[in-house]
Structures are given as C-alpha cells and as structure tokens.
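> kindly generate the corresponding structure for this input.
(one chain, ligands or ions: 2)
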Amino acid sequence: MTDGKELKEKLFTNKNNGWENLSDEELKNIFQFADEYMYYLNNSKTEKEIVQNSKEILIKNGFVDISEKETLTPGDKVFYVNRGRCLYAAVIGIENLENGLKIVAAHGDSPRIDLKQNPLYEDNGLGMLKTHYYGGIKKYQWTNIPLSIHGTVIKPDGEKVNICIGEKEEDPIFTISDLLPHLAGEQMERKLKDGVQGEELNVLVGSIPYDSDEVSERVKLNILKLLNERYGIKEVDFVSSEIELVPAFKAKSMGFDYSLIAGYGQDDKVCCYTGLRAIIDTINPRKTAMCVITDKEEVGFNGVTGMYTRIFDTFVLELLEKTGNTRAISLDKAFSNTQAISADVDAAYNPNFPNAFERNNSAYFGRGMSLVKYTGARGKSGASEAPAEFVAELRKVFDEVGARYQACELGKVDKGGGGTIALTLANRGMDVVDVGVPVMGMHSPYEITSKFDVYQAYKGYKAFFNK
Ligand code: MN
Ligand code: MN
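Ligands and ions are numbered 1, 2, ... in the order given. You can find the predicted model right below:
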C-alpha cells in the first residue's frame, strides 16, 4: 500500500458498504434474522399485538411475570405488561441494582388510522367509517391501499371483544378511496399536505342494505346486524373501543438481491424485535438488563402507557424491592447510574430526495445502526443530547463485537426534525443516546430497512446488555 492509502485507512471514518467482505456465516445469520423479524412484524401490527406476541416469546425463553416472584436474584428473568400496551422485561444482574441498569427502550406503536368513537354512517347507500389518524402521516399515502381492521371493544360488563379482519387470505379488506384524476382538477391545486384532508379519510366498509323498506339507513343497519351477529356489539359499544386500520399487506424481502425489508410499522417495531432478541440472549449480565416496549411514542410519550408513565418507575421500584433495595433513595440512585439506549429509527438517505439530506451526517443503508447523539429541531431544541463520555463507551462496546454503526442526524439543519423518548429517560437521570435502524419512507404504510442494519442493531444491543 502507498503511504497515502495507508494513512487514509487509518485516519478516515469507515464508510464502506457493510455488505462487502462478510463471511458466509455472517451472511446466513443476517438473512435468517431478517426472516424471523418479518414473521414477527406480520403478527404484531398494533401496540397490543406486539406486546402480546413479545410476551409469548419471552415466556418461551424462560421469562416469568414479576408477580410470580417474591424475591429476585442474579440471572432471574421477569417481565411486566402494562395494560396490554406496553412491556418491560428484565434480566437481573450480578451487581446491585442501585449501581444502575442497562436499558434498551423502543416503542411498539406506529402511525395508523384510528376509528372515531361514533364511526359508522351511511352515505348514498355506502357504509362508511369516520377516522382520526394517529401520529405524523402524509395522509395521501393512506388512500387506495388494502387496510385491515384490528382492535378491541370493551363492553360495560367487562366483556372484551377482539376484532381482526383483513389479515387472512380469505378475509375482506377495507380502503379509503381517493378521487379519480379525471375529476381531481380542484384537488390537484391543493398543497400536498392538504391533498387528502383529515375528514376525507373515511373508510368504505359495505354496500348491501338490510332487507326491509320500513326503515332508513339500511346499509348501516345491515353492517351493524353483521357486527352484532359476529361480535355481539351494538353501535354504542364503539364508545369504549380502540379500533385501528393498518396496511393489510405483509412484510416482504425487497430488491433483486433480497437485501432490504419492506413492511408496515418498522418504526419502531424493528427496534422492539432487535431489543427483545438481545435480552433473550443476555445471560448473567453484570448490570440488570431491561428491554422496554413502550406505547404512545408517536403522539408525544404521554399517557399511562407512554414513556413518561410512573408505571415504568413502579416496575423498577419492584425490581429494587425484590432484590432487597428498600432505601428511599434507591430508585433515584438506580436511575442516575443507568445507561439507556433509546432504540428508535432514523431517516435513511433517500436518492429520490437528496436535497432533504446533508451528505456527511445522513444514515445510509448498509452502514449499520444509526447513532444519533441529539435529536430536536431548530438549534437542537427539545433534545436531550447524549454526553460524549457515554457515546465513547458505546463505541467501544460496538467495536469489540464488530457491530457497525454510523453517526447521523435527521436530515438537514432547519429542514424539520423530530424527537424520541430519549428525553423521558434522560430527565429521570440516565445517560441516554438514540441508537436504532435507518428507515426509508418512515411513517408511510410501507417502510424500508436494510437487513444488514437490522442485524447490526441486534448485535449492538446484545453487546450493550452483556458488557
Ligand atoms: Mn420511532
Ligand atoms: Mn415515528
């Protein structure tokens, strides 16, 4: 090698394509992990489904509900499910819990279309559902695609009715119909953000009238009759329901080389899965390891199942109490000694829109985990910037196991921005940094990731827990 070449290799940051020079075994692992992840994704489209599915995986791997344990000792594996929508899993470490935990926290909720509480109506012989979208979506992307209905209706007597229509091959699907181009002259003059407006996101759900000419709204009546026969529900039961419309299509390998994954809800189910797999592979860690699947990230971290919830603190308190740490200051001590990864996705560079990205600080497919020291917008506003000391420690952890990462931020300065749950952990006194997987087309019905990067996240989180 010439002097210059050698020097460059020594001094420059590695920006090589991660797919190059992989061993056959590593390649096999990457593709197998991706298959398992896609299977999980297809069974975990809502925040409740991902929690249920993850809980079952944990139980299969020896985790037990924390209520079953009177005391906890190193190596014990426990979990807690908060209202069926969020999940905390922990492996008790050798060191005292007051010395802090290692947390990987991801979110299981994804942008979607929720039903309103009075959803059903009839318009000129068509049965329709009113919706209110959840999270930051480009509304026009959610029209004319197959949607499935997932949710729960709770009746006043406590009976719980689960609904899931549109996932099985023989199921019907639903759709939000956009206007045909021939008549869209006026609509096409709107700004893109108003191309389809919130109150235009109504779902078409039926067209056969109830067979009687004595009553009005016969299509609506027929739909309610079908729902009543199948689920025992009446119109008023929608008041105490949570029903979501999500893309009905399945996660798939993408590209001639199968290197990418297209699927709904990868923000942030990709980090839920990699975090979950990492904690399952965590045996006798030095510090107590915890994997979090939280809810309500996409709408600001609030609520009883969001990351601000006291229920999270209660779970850590229970871990403390059951390991014999009952000082009044135990929780704050544990928090202030904790290192956390806010496991969330970052925007991957999109060749169709190069101007939104700053080349030096964008995440690229095939270069590993996205490591985001700060989020926020307009002068890092709202960010809980990670301390360089913590980032340096993580670099060592990742480098030791060869888990590839890339430092990046979300697009160009002042182009937009975004936040993650990092600040909810930092404000509790923890060191925290965002480390996740780059996603293209984030918040669209069909998000894209690279299988290489997904596997690096699993490797990185596992190394973090086991260090
Ligand atoms: Mn996210
Ligand atoms: Mn998001």
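
> tell me the phi and psi of residue 86?
Main-chain torsions, residue 86, degrees, to the nearest 10: phi -150, psi 150.

> so what pLDDT did it get?
Reading off the confidence values, residue 86 has pLDDT 97.

> tell me what it is bridged to.
In this entry, residue 86 is beta-bridged to residue 82, by DSSP bridges.

> ok, now residue 148?
residue 246.

> report the closest residue of the stretch 51-200 of the chain relative to ligand 1.
residue 107 (5.7 Å; Cβ to the ion). In short, each C-beta sits where N, CA and C put it, glycine included.

> how many neighbours does the residue nearest to that residue when sequence neighbours are not counted have?
Excluding the flanking residues, the one nearest residue 107 by Cβ to Cβ, 6 or more residues apart in numbering is residue 297, at 3.4 Å. Using other Cβ atoms under 10 Å, residue 297 has 25 other residues around it.

> next one, pLDDT for residue 297 please.
Listed pLDDT for residue 297 reads 96.

> how near is it to ligand 1?
Residue 297 sits 6 Å away from ligand 1, going by Cβ to the ion, to the nearest Å.

> which pLDDT value goes with the nearest residue in space to residue 444 that is not next to it in sequence?
Nearest non-adjacent residue to residue 444, counting by Cβ to Cβ, 6+ apart: residue 141, 5.1 Å away. Looking at residue 141, its pLDDT reads 98.

> helix, strand or coil for the residue of the stretch 351-467 of the chain found nearest ligand 1?
Per Cβ to the ion, residue 420 is where the stretch 351-467 of the chain lies closest to ligand 1, at 6.3 Å. What DSSP: H, G, I helix; E, B strand; the rest coil gives for residue 420 is coil.

> what is the burial count for the residue nearest to residue 444?
So residue 141, with other Cβ under 10 Å, has 17 neighbours.

> ok, the residue nearest to residue 107 to residue 264 distance?
In this view, residue 297 and residue 264 are 16 Å apart by Cβ to Cβ, to the nearest Å.

> and what of residue 412?
27 Å.

> next, give phi and psi for residue 161.
Taking degrees, to the nearest 10 as the convention, residue 161 sits at phi -110, psi 120.

> and the closest residue to it other than its chain neighbours, how many neighbours does it have?
Excluding the flanking residues, the one nearest residue 161 by Cβ to Cβ, 6+ apart is residue 153, at 4.4 Å. Counted with other Cβ under 10 Å, the neighbours of residue 153 add up to 21.

> if residue 153 is in a bridge, with which residues?
Beta-bridge partners of residue 153, counted by DSSP bridges, are residue 161, residue 241.

> check contacts around the residue of the stretch 51-200 of the chain closest to ligand 1.
By Cβ atoms under 8 Å, 6 or more residues apart in numbering, the contact list for residue 107 reads 268, 271-272, 293-298, 307, 344, 421.

> buried ones in stretch 245-254?
245-249, 251, 253-254 (16 or more other Cβ atoms under 10 Å).

> next, format those as TSV and append distance to ligand 1.
Shown next, in TSV, are the buried residues of stretch 245-254 (distance: Cβ to the ion, whole Å):
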residue	distance to ligand 1
245	20
246	16
247	17
248	22
249	21
251	17
253	23
254	20
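
> quick check: the two most widely separated of those?
Farthest pair in the buried residues of stretch 245-254 (Cβ to Cβ) is 245 and 253. Separation: 25.1 Å.

> hang on, the earlier thing: I'd say the residue of the stretch 351-467 of the chain closest to ligand 1 and residue 342 touch.
Yes - at 5.0 Å, residue 420 counts as touching residue 342 under the criterion of Cβ atoms under 8 Å.

> can you list contacts of stretch 95-104?
90, 93, 271, 275, 278-279, 285-292, 316, 319-320, 323, 325, 327, 330, 333-341, 343, 425, 430, 461, 464-465, 467.

> where along the stretch 1-150 of the chain do the helices fall?
Here the stretch 1-150 of the chain has its helices, by DSSP state H, counting those that start in this stretch, at 3-11, 24-42, 47-60.

> and the ones you listed, which is most packed in?
Highest mean neighbour count of the helices of the stretch 1-150 of the chain: helix 47-60, a mean of 20 (counted as mean count of other Cβ atoms under 10 Å).

> quick one on the thing from earlier: out of the contacts of stretch 95-104, which touch ligand 1?
With Cβ under 5 Å from the ion as the criterion, the contacts of stretch 95-104 include none near ligand 1.

> what's the longest strand seen in the chain packed up against?
In terms of residue count, the longest strand belonging to the chain (DSSP state E) is strand 112-123. Secondary-structure packing of strand 112-123 (3 or more Cβ pairs under 8 Å, 6 or more residues apart in numbering; DSSP states H and E): strand 126-134, helix 218-231, strand 241-247.

> mean neighbour count, these: which tops it?
Highest mean neighbour count of the helices and strands packed on strand 112-123: strand 241-247, a mean of 22 (counted as mean count of other Cβ under 10 Å).

> that concludes my questions; thank you for your assistance.
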